[in-house]
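A.B. asks: after the sequence you'll find the predicted model.
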Amino acid sequence: MTVTQRRGRKIMMTPGELDSFLTTQRTCRVATVSAEGAPHVSALWYLWDGSALWLYSVVRSKRWTQLLRDPRVAIVVDTGEEYDSLRGVELSGAVEFVGEAPRTGELCAELDAVETLFARKNFGLDAMPHDGRHAWVRLRPEKIVSWDFRKLGDQ
């Protein structure tokens, strides 16, 4: 994972700030590309495990179809209303498909902790509800860019 950023070093999040931010936010925007090169952006809940971002996507979606054809993504997680409160992270790279698709709850050690944390964070449950319509992709980011405009007041 690369966390180098030339411009905006003053507003870049530290590794601890980045982990805290990605762990506490819930919604990201996922950008994929169609076969014709057209961008497609959709919102999803996600889980950050400290080194990878996990997405639980509907397998009969435009997003899933595009990821099967081209696994490259750009994902943004951001928050803030006023200019001096804007914070966010852009992660990019290629996703990997993990577990069966669609997910039915078949044993998969790689997903045990992910599904428990995702279920607690997003559903308030101790176990993941499997509906046979979703499956997992993991992004181990090749590039991360972050910003925290609240740091501008520290100048």
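C.D. replies: Okay, I see it.
A.B. asks: what comes up buried for the biggest helix by length in the chain?
C.D. replies: Ranked by residue count, the top helix of the chain under DSSP state H comes out as helix 109-123. Neighbour-count burial for helix 109-123 flags 111, 114-115, 117-119, 121 (criterion: 16 or more other C-beta atoms under 10 Å). From N, CA and C alone the C-beta is placed, and that goes for glycine too.
A.B. asks: in the chain, where is pLDDT below threshold?
C.D. replies: Applying pLDDT under 70 to the chain flags residues 1-8, 154-155.
A.B. asks: could you pull out the strands in it for me?
C.D. replies: Per DSSP state E, the chain carries strands over the ranges 27-33, 39-48, 53-58, 72-79, 87-98, 134-139, 143-148.
A.B. asks: out of these, nearest to residue 105?
C.D. replies: Ranking the strands of the chain by proximity to residue 105 (C-beta to C-beta) places strand 134-139 first, at 11.1 Å.
A.B. asks: before we move on, back to that, could you dump the strands of the chain into a markdown table with distance to residue 126 and mean neighbour count added?
C.D. replies: Shown next, in a markdown table, are the strands of the chain (distance: least, C-beta to C-beta, whole Å; neighbours: other C-beta atoms under 10 Å):
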| stretch | distance to residue 126 | mean neighbour count |
| --- | --- | --- |
| strand 27-33 | 22 | 19 |
| strand 39-48 | 15 | 16 |
| strand 53-58 | 16 | 21 |
| strand 72-79 | 25 | 18 |
| strand 87-98 | 21 | 19 |
| strand 134-139 | 18 | 22 |
| strand 143-148 | 31 | 20 |
